[in-house]
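Engineer: the following block contains a protein sequence and its predicted model.
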Amino acid sequence: MKISIIVAKAKNNVIGKDNQLVWKLSSDLRLFKKLTTGHHIIMGRKTYESVGKPLPNRTSIVITRNEDFKVPEGHFVFHSLEDAIKLCISKNLGQVFIIGGAEIYRQTLPICDELIVTEVDAYPQGDAYFPDIESNKWEEISREHFKKDEKNEYDFDFVIYKRNDRI
């Protein structure tokens with residue numbers, strides 16, 4: 001099973017502030033929807049709450065320490081990343097997407113196979129950060145540039161990295 005992190009991050013690694021995104025990038029949201037539709041998506045409770053409900057045509061897996069946290073039928077709550085990954089393996093999934101937030105990214109980075117990164121050309125203030133991408137562990141596979149326009153607040157690059165430290 002391929003574990004893919006999908007994230008939009010600024011040049012200073014900011015991914016959010018006050019549990020919200022810090023930009024409007026319509027093209028990035030379309031790419032996110034296209035890639036994750038039909039898949040299981042793993043996220044922390046705060047990320048789930050910021051989205052507000054399960055995303056259409058995806059199975060949400062929420063990781064939280066809150067023993068009483070509930071999600072709608074057909075979605076899952078786990079109290080550790082390990083248990084969430086075990087569920088995905090038991091379902092023989094080909095791929096699972098990790099969609100945030102900062103702590104879930106930090107825990108998943110050592111075990112994931114692919115990084116799907118929207119690199120936003122901005123330096124916003126924030127309180128949630130993506131870990132540094134260590135160049136000796138990742139190889140850039142593709143990059144597509146998007147220009148700022150009426151629906152995209154900043155220029156950004158859509159970049160895919162594959163892990164190269166498990167050879």
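Structural biologist: Yes, it's here.
Engineer: below-threshold pLDDT in the protein: ranges please.
Structural biologist: 166-167 (pLDDT under 70).
Engineer: for stretch 124-136, buried residues please.
Structural biologist: 124, 126, 128, 129, 130, 133 (16 or more other CB atoms under 10 Å). For the C-beta atoms, the positions are set from N, CA and C on the backbone; glycine is no exception.
Engineer: let me see the contact set for the third one.
Structural biologist: Spelled out, it's residue 128. Residue 128 sits next to 14, 15, 16, 17, 19, 101, 102 when contact means CB atoms under 8 Å, 6 or more residues apart in numbering.
Engineer: now it: how far from residue 18?
Structural biologist: For residue 128, the distance to residue 18 equals 9 Å [CB to CB, to the nearest Å].
Engineer: how about the fifth one?
Structural biologist: Counting by CB to CB, the separation of residue 130 from residue 18 is 17 Å.
Engineer: what's the helix or strand for the most centrally placed residue in the chain?
Structural biologist: Nearest residue to the geometric centre of the chain (CA atoms, centre = their mean): residue 99, 2.4 Å. Using DSSP states H and E, residue 99 maps to strand 95-100.
Engineer: repeat that for residue 145.
Structural biologist: Going by DSSP H and E, residue 145 is in strand 138-146.
Engineer: got it, and residue 159?
Structural biologist: Going by DSSP H and E, residue 159 is part of strand 156-163.
Engineer: wait, is residue 84 part of a helix?
Structural biologist: Yes - Residue 84: assigned to a helix according to DSSP: H, G, I helix; E, B strand; the rest coil.
Engineer: contacting residues for the residue lying closest to residue 9 once chain neighbours are set aside?
Structural biologist: Spatially, and ignoring its direct neighbours in sequence, residue 9 is nearest to residue 130 (4.3 Å; CB to CB, 6 or more residues apart in numbering). Residues in contact with residue 130 (CB under 8 Å, 6+ apart) are 7, 9, 13, 15, 102, 105.
Engineer: residue 123: neighbouring residues, count only.
Structural biologist: Residue 123 has 11 neighbours, counted by other CB atoms under 10 Å.
Engineer: wait, isn't it in contact with residue 12?
Structural biologist: Yes - the pair residue 123 / residue 12 is scored as a contact, 4.9 Å apart, by CB atoms under 8 Å.
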